[in-house]
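Chemist: structure for the following, please:
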Amino acid sequence: MTYNVLAVCENGEETFPLYPVLNDDILVTGEVLDGGFGEPIQVSRVVIRRRVGNGYKTVMETKDLAFQVWITASRVVFYCKKFEKGGGWVGWGLGGLAVAVVANSVSHAIAAKRRKGKALVGNLRYPWISNVMFSPRAGFGTENDVRISFVDGTEDSRPECDITFSIERYNDANRVARHIVDRIIAYRYASGEEMDADEQRQFEELRTSGLASAPQKGRLTSYRIPSSWRVPLGMTTVPAAAPTFPPGAYTPSSGIVTEPVDPPVTDHPTTEPTAQELPATTAGRPEFCENCGSAELGENFCTECGGPVVISTT
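Modeler: Residues are numbered from 1 along each chain as shown. Predicted structure coming up:
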């Protein structure tokens, strides 16, 4: 078996924990440890790579597909229902079998029939994530990218892998990456897993480090996670409840030890893509839009004119 983060799944399939479970409405079923879904990030491009020899090989790349990405209290969730619309892609089904999904010439009616009862979904659970990187948009020809790394333990070779997703231009790739990192820390602290003194020190340094500096154009800045589990391990010790956020300092374990089973479920998330709700930053935050003067400011852009919200760091 090969784990490639994304797969075409049907409702009712036994996909936990590698992939999200779909309900009868072909929507992602929430888990108790998600702590709710909130609003999704809108994503237009996804690239998945696997390490082969001394380099990386692209094993999946979407084109012109509308993804929703949720950053919950226990995982990063990817969801695309209309995965056969537009430019087409070559990806993977369950078990690592290659799946070629429609070309431009396929009609919308045929595409809709083919995807009935299915969705292109994936999740990365926080114990599995080894690195979170970002590269902000820096002019023409660049993307607003977030990259998440992990190790695929379903193969004997245990290759390093990563998934890169391009978020809407007015969102902040650095803040999205940092939000994922803080969620990882909160989960790992609440899970009850044992950490040695050096591991605790590194996690505390990461927790208190704040936002990283922006990289040079065309490069990425990394938030390295001090330790991680290869997929699909790390599921035997989980938090007793959805972790509180933001994470506080490390304290003795309060998690529970359990066998990985189908999780209790909550209501499924909304299906309308809007901007991700991230923790508010008040220091240096303007009260009015510099472009139109409106006071209706979102986390990262003006809701009236769409102009970016520039937060002073001085």
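Chemist: okay, now Ser191: neighbour count?
Modeler: Per other C-beta atoms under 10 Å, the neighbour tally for Ser191 reads 25. Using the backbone N, CA and C atoms, a C-beta is placed for each residue, glycine as well.
Chemist: which regions of the stretch 1-150 of the chain sit below the pLDDT cut-off?
Modeler: Within the stretch 1-150 of the chain, the segments meeting pLDDT under 70 span 1, 84-116, 139-142.
Chemist: how near is Trp229 to Pro17?
Modeler: Per C-beta to C-beta, to the nearest Å, Trp229 is found 11 Å from Pro17.
Chemist: before we move on, what about Asn11?
Modeler: Applying C-beta to C-beta to Asn11 and Pro17 gives a distance of 17 Å.
Chemist: break this protein into its domains for me.
Modeler: 6-266, 280-314 (automatic domain parsing).
Chemist: so which of the ones you listed is the most surrounded?
Modeler: Neighbour counts (mean count of other C-beta atoms under 10 Å) averaged over each of the domains of the chain peak at domain 6-266, with a mean of 18.
Chemist: where does the stretch 151-300 of the chain have low pLDDT?
Modeler: Short version for the stretch 151-300 of the chain, where the test is pLDDT under 70: 252-300.
Chemist: if we ignore the residues flanking it in sequence, what's nearest Lys57?
Modeler: Among residues not flanking Lys57 along the chain, Arg50 sits closest, at 5.7 Å (C-beta to C-beta, 6 or more residues apart in numbering).
Chemist: same for the helix or strand containing the one you found, what does it pack against?
Modeler: In this structure, Arg50 sits in strand 41-52 according to DSSP states H and E. If you count contacts as 3 or more C-beta pairs under 8 Å, 6 or more residues apart in numbering; DSSP states H and E, strand 41-52 packs onto strand 55-61, strand 67-71, strand 160-167.
Chemist: how about the helices in the stretch 1-150 of the chain?
Modeler: Taking DSSP state H, counting those that start in this stretch, the helices of the stretch 1-150 of the chain run over residues 108-114.
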